[in-house]
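Asks: Requesting a structural model of the entry that follows:
(4 chains)
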Protein chains: 4
Amino acid sequence: MSTTDIIIGEVVGTALLILLGGGVCAAVTLKKSKAQNAGWLAITFGWGFAVLTAAYVSAGVSGAHLNPAVTIGLAVTGGTPWDQVPIYIGSQLVGAMIGAALVWVAYYGQFQAHMAEVSLEEAKAGKAGPVLGIFSTGPEVRNAAMNLATEIIGTFVLLIAILTQGLNGSGQGLGTLGVLITALVVVSIGLSLGGPTGYAINPARDLGPRIVHALLPLKNKGGSDWGYAWVPVVGPVIGAVLAGLLYNVAFA
Amino acid sequence: MSTTDIIIGEVVGTALLILLGGGVCAAVTLKKSKAQNAGWLAITFGWGFAVLTAAYVSAGVSGAHLNPAVTIGLAVTGGTPWDQVPIYIGSQLVGAMIGAALVWVAYYGQFQAHMAEVSLEEAKAGKAGPVLGIFSTGPEVRNAAMNLATEIIGTFVLLIAILTQGLNGSGQGLGTLGVLITALVVVSIGLSLGGPTGYAINPARDLGPRIVHALLPLKNKGGSDWGYAWVPVVGPVIGAVLAGLLYNVAFA
Amino acid sequence: MSTTDIIIGEVVGTALLILLGGGVCAAVTLKKSKAQNAGWLAITFGWGFAVLTAAYVSAGVSGAHLNPAVTIGLAVTGGTPWDQVPIYIGSQLVGAMIGAALVWVAYYGQFQAHMAEVSLEEAKAGKAGPVLGIFSTGPEVRNAAMNLATEIIGTFVLLIAILTQGLNGSGQGLGTLGVLITALVVVSIGLSLGGPTGYAINPARDLGPRIVHALLPLKNKGGSDWGYAWVPVVGPVIGAVLAGLLYNVAFA
Amino acid sequence: MSTTDIIIGEVVGTALLILLGGGVCAAVTLKKSKAQNAGWLAITFGWGFAVLTAAYVSAGVSGAHLNPAVTIGLAVTGGTPWDQVPIYIGSQLVGAMIGAALVWVAYYGQFQAHMAEVSLEEAKAGKAGPVLGIFSTGPEVRNAAMNLATEIIGTFVLLIAILTQGLNGSGQGLGTLGVLITALVVVSIGLSLGGPTGYAINPARDLGPRIVHALLPLKNKGGSDWGYAWVPVVGPVIGAVLAGLLYNVAFA
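Replies: Here you go, the predicted model:
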């Protein structure tokens, strides 16, 4: 693929991923949203179908990585040249930031209504702000080793599914059916492994929106929890490398 | 496609879309319905599978636009001749009105039971009536610019997914798998971007049923909120044109 | 297809349909079930995936009608010879009765626990019994004309989707993807048109289990509501004929 | 397939199946999980998509049995040589134990938080422990004959769907679409037949995690309910043999 194709596909695709993924979190979290309290199934299907939409749009252009962990896993197994890796990851991070900003635009009125009711004291207390969860993930039980383990396992599952998809007769490339299956794998990871940390399983998905959260002029938004920010970056990278190594040893 | 095929496909298809989409809103809203209070997931899957059913029936006949925004987006990118656009849109509007009337027939007993308990004062107060939401969309926070932005973003996502579907190897035409994916994209938009305005993302889906709401002899039905009616018409058209332009520049 | 194939496919397929469809109603209704009160989404996906499973098993054997309305609709449009219609319908009715009996076997302990708490007076009052809904459908607002209209509309949607499926390039026969789409169309009908009457949309699905309900030795089971039994038989037949006629006029 | 392929595919696949299937039970059950109380739909879709992910990864390697009942059913119908059966089953059991251990790792903090609040008396009472349901199944109404019947019926449905999948034109092997359909059949069985016993329908899925539950150093975990352990082993085997015999007689 040309560098231009990679940039277009990954910026547009990752922006769609985060617009829709962050969007469902906004929909379920914010006051004055028709979907408020729609529950965990809504969030997990919302993120899965965000992958579906974003990958469907970008599969034919950039291969729909949309995730530095996917790019690294494919590089480890020889599917993506290492010199394209920085282009992929940079585009994904830019796309993720655009997507997070669009969530803010689409839910502007809901953010206004919601933040107006958050007390300044609560927000200043230094904990994760009341709407940070719309942008980035956070753990229910805070423990770096445990949280890292959960992100490693979740990303490992994602990558082993993506890396082996060429094996079962669906041919080269992702294909429309491959997009659908990958999306449902993401629903699966959300339902089954999302409980402890909110399943970042994608460094760009977590870091890009966290930067946007830090920049946005949201009243009483609270901190961006930078102390945790490395876990959903490092964990997915480790998980992707482990999946790539297992693939090389056992499946290739 | 022949004019006859367009008319048959779009009238029947859009009638099915609104029968099933309005139907799930009736099912979840009205008293004496087995599905009352089934929740946001039911509504979003209901609308998505309404698209699935309607598009599956009409894909081979008219190409299953079922939405003036889709027709305009395809015209902008050269997929549909401009002189067919009025035929498509007129058929969609007629179909949407037929569908909305059929919702009333299918849920006649539920409408009777529900409206009997609405006080005349409440209905006369001039606000959106208690069952308008079964027919047309309305915003949670009323602000034309914000609501327009949300509808533009939602429709943009729909159109960019439809316009790029030829790129990932699934060939010409919608195809059965394309129908399924498009339906799940609509579930995605509902889950992720439906919170603020109820995601019209289709001028015919909103305007046709609003006209039927104004005409139907429903006791205590309240106003049809004509002040808002232009937003879910103009927003989707702008979103479709923007998606078409991006496609022409970046993906074509 | 040979008569033997029709009988095997339709008996086994319809038994699976009712075992799984009645099963989800038992799961959601009965005490001492892990799924009690799982809600309307569970019921509609449960019935849809019951169609998926049953049609997947029988599609290659008998064409997976599993529903007299489907058989009649296909006969009206020339897809099934009229002299095979009685074989199909008889097999479907036998299969539906077997399936309903298997629900009773699978949920035997739950039926025992549930019925033990139903008072004899309540059961003798002559209304629909407390577990009839596991076997057959019933209206929320009892009015023959209205209930008939709802069943006609629901079955019309099912049949027009089945009859047009050959048009969008998926070739002859149902195929695996056609099975999936048809199953999701049934979820759609359930979500959108199931509220008033519980969407029989299939005479065998309603009549077969109602006969089994009348025969089973369930303590305090109450009446089988025979006064309503003709509606979910006649309505679907009318809906199927109307869909067949529309298909012949507009789509063929 | 080579013995190595069988071992790799079945160990990795069954580990993924139990990691994701047990994971959703942990997610819904444990305190300090974002998914706590997400409900029965989350559990049934979670297990179904666990099958999807696990089968997608292993289909091209070992054929994705992932279940001794599937292996036995395929052996009865001639699809798998009998001398490979012990290799399949042994690998499945090892994989299931690995998967169950990984659930414990991924939800370590949640297990700690949850078990800290379980009183020792409650746990010592000898009943099934408070988190055994994350590992293995158990009946709502305890009666060996009834529970066995439910497991036989559920597994029969799974196997007849798997055995007949070659009949409807989707060709040899599971294929990507076959993986999807099989996963939705498992959702169907969960929704419709899971109420009484929790649908083991897979001896390895139940026995492997039960052994891990017995071995894990979980405070106040209670007993592993070994008195019930034979039912979810014997029932699925009987169901698989019955499905194989029906297939041989009626469908082959």
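Asks: where are the low-confidence patches of the stretch 51-200 of chain A?
Replies: For the stretch 51-200 of chain A, applying pLDDT under 70 flags the ranges A:119-129, A:166-174.
Asks: Run through the residues of the stretch 101-250 of chain A sitting next to chain D.
Replies: Contact residues, the stretch 101-250 of chain A versus chain D (C-beta under 8 Å from any C-beta of the partner chain): A:139-141, A:143, A:146-147, A:149-150, A:153-154, A:157, A:160-161, A:164-165, A:167-170, A:177-178, A:180-181, A:184-185, A:187-189, A:191-196, A:198, A:246, A:250. All C-beta atoms are positioned from the backbone trio N, CA, C, and that covers glycine.
Asks: What's the ChimeraX line that selects buried ones from those?
Replies: The buried residues among these can be selected in ChimeraX (16 or more other C-beta atoms under 10 Å in any protein chain shown) with this line:
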select /A:139,140,141,146,147,149,150,153,154,157,160,161,164,165,167,168,170,177,178,180,181,184,185,187,188,189,191,192,193,194,195,196,198,246,250
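Asks: out of the residues of the stretch 101-250 of chain A next to chain D, who's near chain B?
Replies: Among these, proximity to chain B is found for A:177, A:180 (C-beta under 8 Å from any C-beta).
Asks: isn't residue A:147 right next to residue A:231, touching?
Replies: Yes - counting by C-beta atoms under 8 Å, residue A:147 does reach residue A:231; the two are 5.0 Å apart.
Asks: Identify the contacts common to these two.
Replies: With contacts taken as C-beta atoms under 8 Å, 6 or more residues apart in numbering or on different chains, residue A:147 and residue A:231 have A:139, A:197 as neighbours in common.
Asks: Chain A: helices as residue ranges?
Replies: Counting by DSSP state H, chain A has helices at residues A:3-29, A:40-62, A:68-76, A:85-106, A:108-115, A:120-124, A:132-135, A:144-163, A:175-193, A:203-215, A:231-246.
Asks: So for residue A:198, what's the nearest residue that isn't a sequence neighbour?
Replies: Distances taken as C-beta to C-beta, 6 or more residues apart in numbering or on different chains place residue A:137 nearest to residue A:198, at 3.6 Å, with adjacent residues excluded.
Asks: Quick one: residues contacting that neighbour.
Replies: With contact set as C-beta under 8 Å, 6+ apart, residue A:137 has these partners: A:197, A:198, A:199, A:200, A:206, A:232.
Asks: With distance to residue B:25 as added columns, please give those residues in TSV.
Replies: Below are those laid out as TSV (distance: C-beta to C-beta, whole Å):
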residue	distance to residue B:25
A:197	36
A:198	31
A:199	32
A:200	35
A:206	35
A:232	37
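Asks: Looking at these, which one is closest to chain C?
Replies: residue A:199 (22.5 Å; C-beta to the nearest C-beta).
Asks: okay, now the closest one: neighbour count?
Replies: Residue A:199 is flanked by 30 other residues according to other C-beta atoms under 10 Å in any protein chain shown.
Asks: So the closest residue to residue A:46 other than its chain neighbours versus residue A:17, what's the distance?
Replies: In space, residue A:46 comes closest to residue A:24 once its chain neighbours are excluded; the distance is 2.8 Å by C-beta to C-beta, 6+ apart. To residue A:17, residue A:24 is 11 Å away according to C-beta to C-beta, to the nearest Å.
Asks: residues shared between the contacts of these two?
Replies: Counting by C-beta under 8 Å, 6+ apart, the contacts common to residue A:24 and residue A:17 are residue A:50.
Asks: My read is that residue A:184 contacts residue D:52, right?
Replies: Yes - counting by C-beta under 8 Å, residue D:52 is a contact partner of residue A:184 at 5.6 Å.
Asks: shared neighbours, these two?
Replies: Common contacts of residue A:184 and residue D:52 (C-beta under 8 Å, 6+ apart): D:180, D:183.
Asks: Wait, residue A:211 touches residue A:97, no?
Replies: Yes - taking contacts as C-beta under 8 Å, residue A:211 lies within contact range of residue A:97: 6.1 Å.
Asks: who has more neighbours, these two?
Replies: Between residue A:211 and residue A:97, counting by other C-beta under 10 Å, residue A:97 is the more crowded of the two (22 against 17).
Asks: Contact partners for the more buried one?
Replies: With contacts taken as C-beta under 8 Å, 6+ apart, residue A:97 has the following neighbours: A:208, A:209, A:211, A:212.
Asks: quick one: it from residue C:77, how far?
Replies: Using C-beta to C-beta, one gets 54 Å for the distance from residue A:97 to residue C:77.
Asks: picking that back up, now the contacts of residue A:97 in a markdown table, please, with extra columns for distance to chain C and pLDDT.
Replies: Output for these, formatted as a markdown table (distance: C-beta to the nearest C-beta, whole Å; pLDDT from 0 to 100):
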| residue | distance to chain C | pLDDT |
| --- | --- | --- |
| A:208 | 33 | 98 |
| A:209 | 29 | 98 |
| A:211 | 37 | 98 |
| A:212 | 33 | 98 |
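Asks: quick one: contacts for the closest residue to chain C within the stretch 101-250 of chain A?
Replies: Ranked by C-beta to the nearest C-beta, the top residue of the stretch 101-250 of chain A for proximity to chain C is residue A:177, at 9.2 Å. Applying C-beta under 8 Å, 6+ apart to residue A:177 gives the contacts A:170, B:177, D:176, D:177, D:180.
Asks: taking these as a set, which two sit the farthest apart in space?
Replies: Based on C-beta to C-beta, the longest span within those runs between A:170 and B:177 and measures 12.2 Å.
Asks: How many neighbouring residues does the closest residue to chain C within the stretch 1-150 of chain A have?
Replies: Here the stretch 1-150 of chain A gets closest to chain C at one residue, residue A:41, 8.4 Å apart by C-beta to the nearest C-beta. Residue A:41 has 23 neighbours, counted by other C-beta under 10 Å.
Asks: wait, it sits on residue D:40?
Replies: No - contact between residue A:41 and residue D:40 fails when scored by C-beta under 8 Å: they sit 10.4 Å apart.
Asks: do stretch A:5-18 and chain B meet at all?
Replies: Yes - using C-beta under 8 Å from any C-beta, stretch A:5-18 reaches chain B at A:8, A:12, A:16.
Asks: can you tell me how far the residue nearest the centre of chain A sits from residue A:42?
Replies: Nearest to the mean C-alpha position of chain A, by C-alpha atoms, centre = their mean, lies residue A:205 at 3.3 Å. To residue A:42, residue A:205 is 18 Å away according to C-beta to C-beta.
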